[in-house]
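Colleague: I'll drop the sequence and a predicted model, then ask my questions.
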Amino acid sequence: MTQTNEAGLTPAKVWDLPVRICHWGFVVLLPILWWTAENTEMRWHMRAGTLLLALVLFRILWGFVGSSTARFGRFLKGPVTVANYLRRLRSKTASVLGHNPAGGWSAVILLTLLLAQTTSGLFAGDPYDGATGPLNDKVGAMRAGDLTDWHELGFDIILALVALHLVAIAFYRFALKEKLVSAMVTGKRAAAPESGEMAPVPAARAVICALIAGGIALWAYNGAPPF
């Protein structure tokens, strides 16, 4: 029997394993990518970047065919819905199972930036001055220079968004008493019974998405050889 606490909340499934793996993969890989770049460990930087690209591609695919709370169509809302959510943020009625209307857009923006960052890294670099991405020879020197500049600036933008994400987590934890971090670890969080639970999908979908995402990332890492 499901236990209910004093507030009438019960443990509910909210995040599936693929979403949690992607989330914590981003958490681990971003510091590694920063450290390897700062210490000119470019071979490991490109390996970590390839893994990050695979995770980003997987998460995008999973956003269309994954479990209910993972799908973009579930949590991407219009500006009116986002504004209404923010207005009642301090009330219990603002609680949402999965990404809330504001957090959903934050997640998509971060995924977009990570995709742009990993893609630009494939082309970045100067063959006469240090390491280059595996697809550097596919573009001219001027375009590669522009992409290198974006690659350097893009990481700063990502760090700023991550900092904003951490501030939001702290706000939810201490102001709204919602434990977002533990939910991303266990996959469960307290929710009103009427909120329902995550609707899972067959594990085979995750395997197929992983093969597609990993295959594309490895193909790019190896210089995009013709089929």
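Modeller: Now that the structure is in, tell me what you want to look at. Numbering: from 1, shown residues only.

Colleague: and the helix or strand harbouring F171, what does it pack against?
Modeller: When secondary structure is defined by DSSP states H and E, F171 falls within helix 141-174. Applying 3 or more C-beta pairs under 8 Å, 6 or more residues apart in numbering; DSSP states H and E, one finds that helix 141-174 makes contact with helix 17-38, helix 101-123, helix 180-186. Where you see a C-beta, it was placed from the backbone N, CA and C, and this is true even at glycine.

Colleague: buried ones in the longest one?
Modeller: Read it as helix 101-123. By neighbour count, with 16 or more other C-beta atoms under 10 Å as the criterion, the buried positions of helix 101-123 are 101-105, 107-108, 110-111, 113-123.

Colleague: sheet-wise, list the partners of the least confident helix or strand in the chain by mean pLDDT with their directions.
Modeller: The weakest-scoring helix or strand in the chain, judged by mean pLDDT, DSSP states H and E, is strand 188-191 (a mean of 82). Using DSSP bridges, strand 188-191 pairs in its sheet with strand 10-13 (antiparallel).

Colleague: quick one: distance of the partner strand to the chain centre.
Modeller: Taking C-alpha atoms, centre = their mean, to the nearest Å, one finds strand 10-13 lying 23 Å from the centre of the chain it belongs to.

Colleague: pull out the buried positions in that strand.
Modeller: Buried positions in strand 10-13, judged by neighbour count with 16+ other C-beta under 10 Å: T10, P11, A12, K13.

Colleague: what's the closest non-adjacent residue to F155?
Modeller: Once flanking residues are discounted, F155 sits nearest to Q117: 6.4 Å by C-beta to C-beta, 6 or more residues apart in numbering.
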